[in-house]
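> no FASTA, just this:
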């Protein structure tokens with residue numbers, strides 16, 4: 001069998017370096033000189049397609065992704081191991097997944113060694129080079145010279161994974177110190193420019209009735225902003241989104257025995273929301289968000305020369321929907 005190269009991508013986080021080192025030593029210990037291994041740290045949300053491109057770029061026989069759940073004193077620790085073999089499709093069907101559980105308090109070095117051996121068992125026997133004969137003392141400790149050997153091809157780290165996301169969300173608002181309750185929706189397009197940073201643009205629309213004035217208020221807005229995700233895991237991420245909005249509010253009155261009337265007003269606003277994304281499928285997420293929208297000023301609703309209501313400058317907003325990544 002020709003040269004064998006295994007690429008392993010480890011999610012960043014506390015202890016990831018120790019995990020990477022133990023895993024690399026375990027794999028090298030089994031393969032010996034029959035194969036080579038590259039271990040690189042990447043964010044947990046590093047796209048599968050980028051991982052497959054890296055596999056092709058370094059001409060590896062396989063790429064493995066390792067994600068370690070945060071340690072909790074009273075719960076077992078889970079490691080998600082996903083392996084993609086060269087020549088398979090980049091989609092979800094091209095990956096093999098295993099979840100390995102470890103008892104609370106298990107050392108990261110032990111977890112790394114076990115994960116390394118598990119990766120090799122996930123490859124067909126015909127694709128893994130025959131391991132060299134191991135001496136008994138080698139199975140109990142890592143080889144000091146494990147990292148020796150020819151330099152492995154270097155993976156790019158400066159370039160951010162490019163990824164498009166489409167959010168389709170329902171929204172509800174309530175006025176802070178005035179009227180402004182309503183329901184509507186948001187359509188947003190996001191583009192990841194760094195592992196934890198994405199920029200986005202979108203549109204929103206909402207409508208609500210002002211019972212006291214027999215007036216319906218509709219708002220249409222153009223959104224532009226950015227989201228920062230300070231924490232993420234393979235199944236859940238938390239982000240803070242800041243957006244500027246150019247909003248058009250149209251108030252109309254259709255009272256019985258009264259002539260129809262409407263007025264409109266442009267009013268810029270700023271929005272800040274905290275949003276959580278829960279993975280439902282490899283590319284689909286459930287989104288839940290809450291925050292505030294603050295306009296440049298309030299709007300008085302005047303009916304027959306009399307002020308009937310005030311559209312508040314501040315709104316509390318809640319959103320829920322679906323995100324699809326491409």
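The structure has been received and is ready for your questions. Nothing here was measured: the structure is a model prediction, and the numbers come from that model. Numbering: from 1, shown residues only.

> Tell me the secondary structure at residue 168.
Secondary structure state of residue 168, per DSSP: H, G, I helix; E, B strand; the rest coil, is strand.

> how about it, what does it touch?
185, 186, 187, 321, 322 (CB atoms under 8 Å, 6 or more residues apart in numbering). Just so you know, the C-beta spots here come from the backbone N, C-alpha and C atoms, and that holds for glycine as well.

> Doesn't the first one lie inside a strand?
Put plainly, it is residue 185. Yes - the assignment for residue 185, made by three-state DSSP, places it in a strand.

> Residue 85 is in contact with residue 64, isn't it?
No - Residue 85 lies out of contact with residue 64 (CB atoms under 8 Å); the separation is 10.0 Å.

> So which of the two has more stuff around it?
residue 64 (29 against 17; other CB atoms under 10 Å).

> Can you say which of the contacts of residue 168 are buried?
Buried members of those, counted by 16 or more other CB atoms under 10 Å: 186, 321.

> Would you tell me which one of the contacts of residue 168 comes nearest to residue 295?
Nearest to residue 295 among these: residue 186, at 16.7 Å, using CB to CB.

> shouldn't the closest one be in contact with residue 321?
Yes - at 7.4 Å, residue 186 and residue 321 qualify as touching, with contact defined as CB under 8 Å.

> what sits in contact with each of those two?
Shared contacts of residue 186 and residue 321 (CB under 8 Å, 6+ apart): 167, 168, 169, 170.

> from the residues you listed, which is closest to residue 204?
Of all these, residue 204 sits closest to residue 169, with 8.9 Å by CB to CB.

> and the lengthiest helix in the chain, what does it pack onto?
The residue-count maximum for a helix in the chain (DSSP state H) belongs to helix 16-31. On a contact count with 3 or more CB pairs under 8 Å, 6 or more residues apart in numbering; DSSP states H and E, helix 16-31 meets strand 4-11, strand 35-42, strand 62-68, helix 108-121.

> Drop anything exposed from the shared contacts of residue 186 and residue 321.
Buried members of those, counted by 16+ other CB under 10 Å: 167, 169.

> Make JSON lines out of the shared contacts of residue 186 and residue 321 and add distance to residue 225.
Below are these laid out as JSON lines (distance: CB to CB, whole Å):
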{"residue": "167", "distance to residue 225": "12"}
{"residue": "168", "distance to residue 225": "17"}
{"residue": "169", "distance to residue 225": "14"}
{"residue": "170", "distance to residue 225": "19"}
